[in-house]
Each structure stands twice: as C-alpha cells, then as structure tokens.
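> sequence and predicted model, in that order:
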Amino acid sequence: MIKIYRTENSKIGEVHAFDPGSWIQLTDPSSDELELISEKFDIDIADVRAAMDADESSRVELEDDYTLILVDIPIVEIRNDQKAYTAIPLGILLLDDYLITICAEETSVLQYFVNSTVREFSTKKQMRFVYQILYRTCMVYQLYLRTIDNKRTEIEKRAQEDMKEEDLVTLHELESNLVYFATSLRANGAVIDRISRYSRVRQFPEDKDLLDDVKVENGQAIEMTIIYRDIIHGTRELLSNLIDIRLNNVMKYLAAITIVMAIPDIISGFFGMNVNSRWVPLSGMPFGFGIICVATVIICILVLKILKKKKML
C-alpha cells in the first residue's frame, strides 16, 4: 500500500500525487508497487526491496542520486499465543525532494507522524525527519522495554504465591525479546554514527541537538536492554531454584509420612507372625490388642514430634 503525505503550515495531510517535498510511505507493498517506485525515482530495485527482508542488516548506503538507510524498529507480534516483541527493518530512501519509507508492517513509529503528534515536523526537512524517525524508534524501544520489565515484575511477585512452569517459559520468551532488541539497537547505533557524518542533504542548526538526543536515547535503550536482560536471567534462575526447593520440601514431607506410616506396619507384622502364641507378648491379656494399638499411636506421635523438631514436617 502506498500513501503520500505532505506538510503545509505545520499540518500533515494525504495527497494523491508525487509532489516535491512529500513523504511516500509504503506499508507491506506488493511487487508492482515496489517496481513502480523503483522506476519512478530511478532506484535500484534491490534497495527498494531491502526492507522487505526480515534478515536484512541495518546499514547506510550512499548512491549517486539517493541514500538508503536501513534501521531496525520494534514491533509487537503473537508468539506461542502470547504477545511478544521483535524488530523488523525499516527502509528510508532519501532523494533530493522526496523521502520514502518502506516497511513490511504498519508500525507505531511512523504512525506518530501520520497522527500529527510530532512537534516541528515537516516532510520537506528530510534529515530532521530522519532524526525524528530514529528518535521515535528509540522511544518505542524504551516503551516496550518497560513493558517487558513490568511483566517480569508481575511474575516475580506471583512466584511467592502461585508460581507455575509457564512463568519460566514466559521469562525465556522475554529474555529472547531482549536479545533481539540488543542486537537491533547496537546495529542502529552504528547507523546513527554513520548518519552523524552525513552532509549530502541540507541540515538545520537545531538538527544537531536532535541528533545528539537520538544518540543519548539509543544508548540509554541499549543500557536498559542489558540491565533488564540480566535481571530476567536472575529471575529465571530464582524461579528454577524455588521450584527445586518446593519439590525437595514435598519429597521431604512424603519421606516423613512414609516413616510414620511404616511404624504400624512393623508392629502389626511383628505381632502377626505365625508362631506359638505363648511367645508373642500380650497375646494372653484380655486388652492386649488395645494396648498394642495405643502403644502404636504413642510411638507414631513421638516420631512425628521428632521429625517436626528436625524440620522434616
């Protein structure tokens, strides 16, 4: 799908022609749409299709008539029936009078600009637009990172009451998300450093401050990713240890019960031996059976107290 936007008087609106100063947005484009852009603006079809490859690495390529910028942006997806996070490529093509973005999915990063929620945004100021896209990308990364940490906190609180094996799987998924984020953010950092030396397109004085903010926010997102990944790794180990401890407590409890239940078996087996009754204690007493039962209960109670004192119950 191709949409064309243009800002006039600080307001963005959709237009239906490739007017100079426009932003051309391609979202999950078809092959025909990619070929149309390639032929219309004389761009190598491989560069137009680069963002459609999920394994494409972030980079900057300088050509004679245009510049290709590939960065990884965060998205939400459903994985194993749960909400998960990953990163996909976003292609940015800079031409003399146009800026083209290409992405395989609709993303909240670009939706900020469509909804006119970005201050001092203009489709005509291309490098500032690129910096704003990168800045908004860092903000979305940080938002998702905080969401991941909140999920980790919920699991950690629940671990003291009703911990489940599914929590370990969820933590593993969250840790995998952070691995994707860390890789993408580092690659984006290299792109940002390369762009900071870019001078082909005219820049404005305030753009340098915006670029500095992008560097700071990207670095902060990287630090957050590393910290949260270490915390989740520690939480996962904690839950594994808690599961082992609870299993050991159950086994210890069952062992204690087995010991207590073995006492009546031993006593009944002793008095049930097939020998002459005169050799069996209490066999000739009228209340022998009751005495044996009472003695058995007393012994069981004493053993229970001993086990409790040894903290086996």
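Looks like it arrived, so ask away. Residues are numbered from 1 along each chain as shown.

> surely residue 65 meets residue 95?
Yes - in this structure residue 65 lies within contact range of residue 95 using C-beta atoms under 8 Å: 6.9 Å. C-beta coordinates here come from the backbone N, C-alpha and C atoms, glycine included.

> more neighbours, the two?
Shown here are residue 65 and residue 95; by other C-beta atoms under 10 Å, residue 95 has more neighbours (17 against 9).

> over to the more buried one: give its phi and psi.
Main-chain dihedrals, residue 95, degrees, to the nearest 10: phi -120, psi -180.

> please name the nearest non-neighbouring residue to it.
Leaving aside its sequence neighbours, residue 95 sits nearest to residue 66 (C-beta to C-beta, 6 or more residues apart in numbering; 4.9 Å).

> ditto for residue 149
Residue 149 sits nearest to residue 228 (C-beta to C-beta, 6+ apart), 5.2 Å away.

> what's near enough to touch that neighbour?
Counting by C-beta atoms under 8 Å, 6 or more residues apart in numbering, residue 228 touches 145, 148, 149, 152, 178.

> was I right about residue 71 contacting residue 194?
No - if you go by C-beta under 8 Å, residue 71 and residue 194 don't touch, sitting 10.9 Å apart.

> who has more neighbours out of those two?
Remark: of residue 71 and residue 194, residue 71 carries more neighbours, 25 against 15, as counted by other C-beta under 10 Å.

> can you confirm that one is in a strand?
Yes - the assignment for residue 71 is a strand, going by DSSP: H, G, I helix; E, B strand; the rest coil.

> that one and residue 253, how far apart?
For residue 71, the distance to residue 253 equals 56 Å [C-beta to C-beta, to the nearest Å].

> buried sites along stretch 96-114?
98-104, 107-110, 112-113 (16 or more other C-beta atoms under 10 Å).

> restricted to helices, list those.
108, 109, 110, 112, 113 (DSSP state H).

> contact partners for the third one?
The neighbourhood of residue 110, defined by C-beta under 8 Å, 6+ apart, consists of 25, 90, 101, 103, 133.

> one more: the first one?
Neighbour list for residue 108: residue 140 [criterion: C-beta under 8 Å, 6+ apart].

> report the separation between it and residue 157.
Distance of residue 108 to residue 157, computed by C-beta to C-beta: 28 Å.

> what's the answer for the fourth one, then?
The span separating residue 112 from residue 157 equals 33 Å under the rule C-beta to C-beta.

> shaky segments in this structure?
80, 117-119, 160, 162-163, 165, 199-204, 274-280, 282-284, 313 (pLDDT under 70).

> strands of that one, residue ranges please.
2-8, 11-15, 22-27, 59-62, 67-79, 82-94, 98-103 (DSSP state E).

> out of these, which one sits most buried?
Ranked by mean neighbour count, the strands of the chain are led by strand 98-103 with a mean of 23 (mean count of other C-beta atoms under 10 Å).

> and that strand, what does it pack against?
The contact analysis (3 or more C-beta pairs under 8 Å, 6 or more residues apart in numbering; DSSP states H and E) places strand 98-103 against strand 22-27, strand 82-94, helix 126-158.

> can you lay out the ones you listed as JSON lines showing distance to residue 49?
What follows is the helices and strands packed on strand 98-103, written out as JSON lines (distance: least, C-beta to C-beta, whole Å):
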{"stretch": "strand 22-27", "distance to residue 49": "11"}
{"stretch": "strand 82-94", "distance to residue 49": "9"}
{"stretch": "helix 126-158", "distance to residue 49": "20"}
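
> closest to residue 75 out of these?
strand 82-94 (5.6 Å; C-beta to C-beta).

> may I have that closest one as PDB, with CA atoms only?
Extracted C-alpha coordinates of strand 82-94, given in PDB (Å, rounded to 0.1, in the frame of the first residue of the first chain):
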ATOM      1  CA  GLN A  82       1.400 -14.600  23.800                       C
ATOM      2  CA  LYS A  83       2.300 -11.100  23.000                       C
ATOM      3  CA  ALA A  84       6.000 -10.900  22.100                       C
ATOM      4  CA  TYR A  85       8.400  -8.200  20.800                       C
ATOM      5  CA  THR A  86      10.800  -8.300  17.900                       C
ATOM      6  CA  ALA A  87      12.400  -6.000  15.400                       C
ATOM      7  CA  ILE A  88      12.000  -5.600  11.700                       C
ATOM      8  CA  PRO A  89      13.800  -3.500   9.100                       C
ATOM      9  CA  LEU A  90      12.600   0.000   8.100                       C
ATOM     10  CA  GLY A  91      13.900   1.300   4.900                       C
ATOM     11  CA  ILE A  92      14.400   5.100   4.400                       C
ATOM     12  CA  LEU A  93      15.200   6.400   1.000                       C
ATOM     13  CA  LEU A  94      16.500  10.000   0.800                       C
END
